[in-house]
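Q: Sequence first, predicted coordinates after that:
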Amino acid sequence: MENAIVLYPFPGRGHLISMVELGKLILKHNPSFNITILIFNKPNTSTTSTAPQYVASSTTQYITAVNSTTPSINFHHLPPISEVPSTPSPIAQAFLIPRLNNLNLHQALKTISQTSKLKAFIIDFFCDAAFEVATNLDIPTYYFFPSGASALALFLYIPTLHKKVEKSLKDLGDMLLDIPGLPPIRASDMPGSITDRTAEWYEYFLNTAAHMAKSNGIIVNTFDLLETKVVKAISDGLCVPDGPTPPIFCIGPLISSSNQDEDEHECLKWLNSQPSRSVVFLCFGSMGLFSAKQLEEMAVGLENSGQRFLWVEMEDGFVSAEELENRVRELFESKAGREVRESVLGFRDEAMIAQREGGSSHVALAKLAQGHLISMVELGKLILKHHPSFSITILILSEPNTNTNSATPQYVASSTTKYITTVNSTTPSITFHHLPPISEVPPSTTFFVDLKFLIPRLNNPNLHQTLKTISQTSKLRAFIIDFFCDAAFEVASNLTIPTYYFFTSSPSNLASFLYRPTLHKNKDQSINDLNNMLLVDIPGLPPVRVSDMPKITFDPTTKMYEYFLNTATHMANSNGLVLNAFDLLETKAIKAISGGLCVPDGPTPPIFCIGPLISNTNQDGEEHDATELEERVKELMDSEVGTELRERVSGLRDEAVAAVKEGGSSHVALAKLAEVWRQN
């Protein structure tokens, strides 16, 4: 069975085109996938028309072009639905029509599943009704958010606002609202679609935000450096404080490279003839509607500003001509305006870089498993370099795999197959052993982090048999497990095999991780229920405010909390902790851990700082230019703070190089660890 990905866009031009471009991008980097794009339509009473009316309006020509240039993308039109209940709101209708298509969608997904392994179902947020269908069919579901990360932060925070504020936002006037990652926003400036909790569409937005938080991931049409602060706020779980946040993948900007019009539009001809950075562009999106009076005010303001402008207008919202004129003049004639324009120009360059091979958006598309596996393989190579007498076996677990023709587990095939192949050819003394595929994952498990802990547990019977087999021919000196593979600790304990945990993150994170059971005992309340300004003391770290704690992993009502708590307890009972760091990187945190301060109720196992572990294998086939990184942080290059930071990083770089050299702290730590294994 071939691997398939199904995309389910909302048919509006801005939604459909960006999702199709996402499909093309997936195929570019993963040509083995089969991409199907489902197109739904609203009632069609024309028996002579084969094109769904919902699509025919503005995207038929685009789809035709994609069909001819990218035949590996298959467009499947769902059958027409019979009728739609009358609703005065186009927003409510946008959510309602996908729901009326659910029966057709259910049948289409079942049909695809009969011939393909459905690896992902990616839906537009307006197609939220499809989440129920996919959940019932146990299909991994991702939401595609065609707007920016700032809008996503607000969207995910809607359920929290709903709980915190009893009134509709429209009744709060100029009250400031705090939304993680965003500056304070007046209630009166919030999008009109979520300001009235009595409106028919309000519940749609509320439910969609809740479902997105329960999905397997959210794909955002932006790139990391464009909205760094807000992307971090979402990823840290601040926008979904009552539960875990799925992984966020910033893969944009998605821009159609197809010229859908045979002749260049006259507006673009005019724009291309203007001097660089001389035109004001006004566009308020497909929902930016303005009244005739407002349009007149905007026209007067633009005209009086004396600047060139290009304006996409729609009717029905209000700003005065004078205010608009002042804003445009400020943009073009003031120092602050020049800085804004230069910043926008810089972001344009960053957007181009993000899309390139090796750029942040490209990396986000294929980053699911690399960080843990690669660093552990590099650990194996390092052990062999200094102790070639050891035999290294790396066990690869897999997720459920019904593809009987594939010898490579799908858990690995996503992004690390090429790396493993390279290691096999260059380091034959490392053996990769793929555990048999597991049969199924409970359908109730939808959270990405939950799956990371659960899949190793489901692999335990296979792991038990494999370790017994290896033990029959070899003396098993050490079993090193990733902290996500905590379930393996029970297997190793039953077989009395010395077990070490490999921690891929920093010493500060390890200190916080090991201290979890103590926090659990000392706190009568959930971290989430404490005053946000309360300071939490974790050994080796500066005092941390509750508001800065990763709340999704400190909420005792979640399954994830239990996983982290048990793992921290098992790590403290292991034979040792292997850390991908070096002594001088975070001296205070390492000293606190080694001194037993993070595990005050019992002994702390020995800590071995053996990093940094860096792959010298180029998996993309080409080097990444160091100047690209310099460009990305150019705003720091000319400031005093930037100079200090660069000097500090430079110093740490030298320390890292020294740490992994013969006689360096990481080399010494590895030697101590190997000596422990020899003595077992």
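A: Done, it's in. Source: prediction; values computed, not measured.

Q: Specify the local secondary structure of Phe432.
A: The local conformation at Phe432, judged by DSSP: H, G, I helix; E, B strand; the rest coil, is strand.

Q: could you point out which element follows the helix or strand that contains Thr567?
A: With elements taken from DSSP states H and E, the one containing Thr567 is helix 559-572. Helices and strands here follow DSSP H and E; after helix 559-572, the next one along the chain is strand 576-579.

Q: tell me what that next one is packed against?
A: Packing contacts for strand 576-579, counted by 3 or more C-beta pairs under 8 Å, 6 or more residues apart in numbering; DSSP states H and E, involve strand 499-503, helix 507-514, strand 607-609, helix 665-679. (C-beta placed from N, C-alpha, C; glycine too.)

Q: quick one: strands adjacent to it?
A: Within its sheet, strand 576-579 is paired with strand 499-503 (parallel), strand 607-609 (parallel), according to DSSP bridges.

Q: Only C-alpha atoms, please: export the longest strand seen in the chain in CSV.
A: Counting by DSSP state E, the longest strand found in the chain is strand 116-124. Coordinates of each C-alpha in strand 116-124 appear next as CSV, following Å, rounded to 0.1, in the frame of the first residue of the first chain:
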residue,chain,number,x,y,z
SER,A,116,-3.4,3.6,0.6
LYS,A,117,-1.9,4.0,4.1
LEU,A,118,-3.4,7.4,5.1
LYS,A,119,-0.4,9.1,6.9
ALA,A,120,-2.1,12.5,7.4
PHE,A,121,-5.3,14.3,6.8
ILE,A,122,-4.7,18.0,6.6
ILE,A,123,-7.8,20.2,7.0
ASP,A,124,-8.5,24.0,6.7
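
Q: one step back: ok, of the strands paired with strand 576-579, where does mean pLDDT dip lowest?
A: For those, mean pLDDT drops lowest on strand 607-609, to a mean of 87.

Q: mind listing what's buried in it?
A: 607-609 (16 or more other C-beta atoms under 10 Å).

Q: Now render the strands paired with strand 576-579 as TSV, adding distance to Glu266.
A: Listed next are the strands paired with strand 576-579 as TSV, based on distance: least, C-beta to C-beta, whole Å:
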stretch	distance to Glu266
strand 499-503	60
strand 607-609	64
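
Q: for the residue nearest to Phe155 when sequence neighbours are not counted, what are its contacts?
A: Distances taken as C-beta to C-beta, 6 or more residues apart in numbering put Ala209 closest to Phe155, at 5.5 Å, once the chain neighbours are dropped. Counting by C-beta atoms under 8 Å, 6 or more residues apart in numbering, Ala209 makes contact with 155-159.

Q: Can you tell me which of those is closest to Met19?
A: Met19 lies nearest to Phe155 out of these, by C-beta to C-beta, at 17.0 Å.

Q: Backbone dihedrals for the closest one, please?
A: The phi/psi pair for Phe155 (degrees, to the nearest 10) reads phi -60, psi -50.

Q: That one: neighbour count?
A: Neighbour count of Phe155, defined by other C-beta atoms under 10 Å: 22.

Q: Return the per-residue confidence for it.
A: pLDDT, Phe155: 94.

Q: Surely it and Tyr143 touch.
A: No. The criterion here is C-beta atoms under 8 Å, and Phe155 misses it with Tyr143 at 9.8 Å.

Q: Spit out the residues that contact the two alike.
A: Common contact partners of Phe155 and Tyr143 (C-beta under 8 Å, 6+ apart): 125, 212.

Q: now the stretch 51-200 of the chain, which segments are flagged as low pLDDT?
A: 51-58, 84-88 (pLDDT under 70).

Q: Tell me which stretches of it form strands.
A: 73-77, 116-124, 141-145, 176-177, 185-186 (DSSP state E, counting those that start in this stretch).

Q: Other residues contacting stretch 166-174?
A: Stretch 166-174 is contacted by residues 161, 165, 177, 186-188, 190, 192, 194-198 when judged by C-beta under 8 Å, 6+ apart.

Q: Identify, from those residues, the entry nearest to Leu78.
A: Looking across the contacts of stretch 166-174 and measuring by C-beta to C-beta, the closest to Leu78 is Ile194, at 28.7 Å.

Q: Just to check, the closest one is in contact with Thr208?
A: No. Assessed by C-beta under 8 Å, Ile194 is found out of contact with Thr208, at 10.9 Å.

Q: and Ile122, what are its bridge partners?
A: On the basis of DSSP bridges, Ile122 is bridged to Leu7, Tyr142.

Q: Ala511 versus that one, what's the distance?
A: 38 Å (C-beta to C-beta, to the nearest Å).

Q: Give me the more crowded residue out of the two.
A: Ile122 (25 against 22).

Q: wait, isn't that one in contact with Ile219?
A: Yes. With contacts counted by C-beta under 8 Å, Ile122 reaches Ile219, the gap being 6.5 Å.

Q: Find residues that contact each of the two.
A: Any residue near both Ile122 and Ile219 by C-beta under 8 Å, 6+ apart counts here, and that gives 22, 142-144.

Q: quick one, helices of the stretch 101-250 of the chain?
A: 102-115, 130-136, 149-164, 202-213, 228-235 (DSSP state H, counting those that start in this stretch).

Q: remind me which residues of the stretch 201-350 of the chain are low pLDDT?
A: In the stretch 201-350 of the chain (pLDDT under 70), the answer is 256-265, 284-296, 311-350.

Q: likewise the stretch 451-600 of the chain?
A: 451, 523-533, 547, 550-555.

Q: returning to that earlier point: dump the buried residues of strand 607-609 into TSV; add distance to Pro31 as well.
A: Output for those, formatted as TSV (distance: C-beta to C-beta, whole Å):
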residue	distance to Pro31
Ile607	44
Phe608	41
Cys609	41
